[in-house]
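J.: Got a sequence here, can you build the structure:
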Amino acid sequence: MNDFVIRRKIRRSYATGNSEEVEDDIVKESRLLIRLDGKDFIQAVLTPSQVEEFVVGFLRTRGLIQTLNDIARLDVAGEIASVMRISPPRRVSAWTRGAGNHRK
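T.: Numbering: from 1, shown residues only. Take a look at the predicted model:
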């Protein structure tokens, strides 16, 4: 069994109304605070493996970074991941994005 799975007693209930206490495998979860550019940004609950990959993927899917090169530093210590970006991505407003395609 790996370090991220624990065995616990649980009560399993069935559609018949019966229930029983059994041992089952439970995936461990832990909290992670992501600090972005020195400020608390968000808390997540995740399996405590591949934390760096989770943080990078989270920031990328939120549009907060475009590539790994946007990250100056990523440190994970306990339940805190600190990320410093080289420079925050420039937000493109809806007004400039559609320039030249205005309805009349």
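J.: what residues are up against the residue nearest to residue 28 when sequence neighbours are not counted?
T.: Leaving aside its sequence neighbours, residue 28 sits nearest to residue 4 (C-beta to C-beta, 6 or more residues apart in numbering; 5.1 Å). Glycine gets a C-beta too; all of them are placed from N, C-alpha and C. When contacts are counted by C-beta atoms under 8 Å, 6 or more residues apart in numbering, residue 4 touches 27-28, 47-49.
J.: pLDDT (mean, whole number) over stretch 50-67?
T.: The pLDDT scores in stretch 50-67 average 94.
J.: returning to that earlier point: the contacts of residue 4 in strands, which ones?
T.: Counting by DSSP state E, the contacts of residue 4 place residue 27 in strands.
J.: Backbone dihedrals for the residue nearest to residue 28, please?
T.: phi -100, psi 10 (degrees, to the nearest 10).
J.: Need the three-state assignment for residue 43.
T.: strand (DSSP: H, G, I helix; E, B strand; the rest coil).
J.: Can you name the residues bridging to the closest residue to it other than its chain neighbours?
T.: Of all residues not flanking residue 43 in the chain, residue 33 sits nearest, at 5.2 Å (C-beta to C-beta, 6+ apart). With DSSP bridges applied, residue 33 shows beta-bridge pairing to residue 43, residue 80.
J.: And residue 6, by the same measure?
T.: Under the criterion used here (DSSP bridges), residue 6 is bridged to residue 26.
J.: Spit out the contact partners of it.
T.: By C-beta under 8 Å, 6+ apart, the neighbours of residue 6 are 25-26, 28.
J.: Which residues in stretch 24-44 does the neighbour count mark as buried?
T.: Going by neighbour count (16 or more other C-beta atoms under 10 Å), the buried part of stretch 24-44 is 32, 34, 36, 41, 44.
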